[in-house]
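J.: Take a look and give me a structure for this.
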Amino acid sequence: MKFIRNFDCNQCMLKCDIHSLINRTHKGTISVKPLHEQLKKHDIICKQGTKVTHSIFLVKGSAKLYIEGLNNKNIILYILKPPAYVGLLSFFESPEYFYSVSALEESEICLIDLGIVRKLYLENHELLLNLNKAFGKSVSNIMRKIISLNQKQIRGRIAENLIYLSDINNSIKFHLGVTRREIGEMAAISEENTVRLLSEFSKERIISINGKEIEILDMPLLKKISEVG
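T.: Residues are numbered from 1 along each chain as shown. Model prediction:
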């Protein structure tokens with residue numbers, strides 16, 4: 001990873017809520033001085049069990065948020081794409097991260113001192129609403145994941161996650177930015193079962209797989225499999 005200190009937010013193409021707020025209402029009174037970080041694929045953004053010190057904003061690329069389980073068995077809760085706050089669930093209550101986040105590709109993040117974010121959160125209604133909205137989205141994603149893992153069979157879980165990947169890529173044909181193992185971690189099943197189920201869906205002409213490229217050929221059927229689980 002590569003750090004860029006004294007990064008000028010005006011150089012950034014994707015302005016976060018914090019930058020916009022300070023420019024409008026606290027210009028000249030609050031100095032952010034963010035730490036800009038360039039990441040390679042698989043670089044850790046935050047680590048489960050480590051102390052929370054900064055607000056992290058995903059500027060470029062994509063990342064996975066996951067729980068590190070026993071025996072290296074992880075569960076991916078959801079995927080982050082810009083603009084997104086990383087580690088939002090640990091901003092205020094938890095002194096340590098209870099999950100990990102790592103880059104799925106070359107990515108960029110900005111780190112802002114947590115004390116500044118807390119101050120602005122308490123003082124500014126607009127930032128409060130924006131962060132609460134993002135927090136609510138994170139909780140909603142986790143609740144859907146819990147329901148899926150508890151109520152659906154593995155075939156329904158794989159179908160659900162293929163639909164999810166299609167949604168975040170805004171297309172029924174997309175480049176698979178995760179490995180077969182990571183698809184399995186999204187559904188809490190083994191890599192072997194993931195490969196088998198993807199092969200089954202391909203033979204049934206529900207999806208088409210060409211290396212890292214996937215195309216959903218029968219979305220209504222895939223949704224039906226996801227629903228009946």
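
J.: residues contacting the residue nearest in space to the middle of the chain?
T.: Among the residues of the chain, the smallest C-alpha distance to the mean C-alpha position (Cα atoms, centre = their mean) belongs to residue 80, namely 2.3 Å. The contact partners of residue 80, taken as Cβ atoms under 8 Å, 6 or more residues apart in numbering, are 58, 62, 63, 64, 65, 86, 101. The C-beta positions use only the backbone N, C-alpha and C, and glycine is treated the same way.

J.: Reformat these as JSON lines; add pLDDT.
T.: Rendered in JSON lines, the data for the contacts of residue 80 read as follows (pLDDT from 0 to 100):
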{"residue": "58", "pLDDT": "92"}
{"residue": "62", "pLDDT": "96"}
{"residue": "63", "pLDDT": "96"}
{"residue": "64", "pLDDT": "97"}
{"residue": "65", "pLDDT": "95"}
{"residue": "86", "pLDDT": "84"}
{"residue": "101", "pLDDT": "96"}
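
J.: If you rank those by neighbours, which is first?
T.: residue 63 (27 neighbours; other Cβ atoms under 10 Å).

J.: ok, the residue lying closest to that one once chain neighbours are set aside to residue 178 distance?
T.: Distance criterion Cβ to Cβ, 6 or more residues apart in numbering; nearest residue to residue 63, sequence neighbours excluded, is residue 80 at 4.6 Å. Summarising the geometry, the distance separating residue 80 from residue 178, computed by Cβ to Cβ, to the nearest Å, is 12 Å.

J.: now do residue 152
T.: To residue 178, residue 152 is 19 Å away according to Cβ to Cβ.

J.: quick one on the thing from earlier: so which of the contacts of residue 80 is the closest to residue 215?
T.: Closest to residue 215 out of these is residue 62 (19.8 Å), distances taken as Cβ to Cβ.

J.: Can you tell me the element residue 177 falls in?
T.: Using DSSP states H and E, no element contains residue 177; it sits outside every helix and strand.

J.: Any idea how many residues pack against it?
T.: Here the count is done by other Cβ under 10 Å, and residue 177 has 18 residues near it.

J.: and the nearest residue to it once chain neighbours are set aside, what are its phi and psi?
T.: The shortest distance from residue 177 to any residue other than its chain neighbours is 5.2 Å, reached at residue 104 (Cβ to Cβ, 6+ apart). In this entry, residue 104 is assigned phi and psi values of phi -90, psi -10 (degrees, to the nearest 10).

J.: what's near enough to touch residue 104?
T.: The neighbours of residue 104, taking Cβ under 8 Å, 6+ apart as the test, are 41, 61, 62, 63, 64, 79, 177, 178.

J.: For the fourth one, list each beta-bridge partner.
T.: When assigned by DSSP bridges, residue 63 has beta-bridge partners residue 80, residue 103.

J.: where does residue 57 land on pLDDT?
T.: As summarised for this prediction, residue 57 has a pLDDT of 88.

J.: Verify the contact between it and residue 88 for me.
T.: No - no contact is recorded between residue 57 and residue 88 when judged using Cβ atoms under 8 Å, the distance being 9.9 Å.
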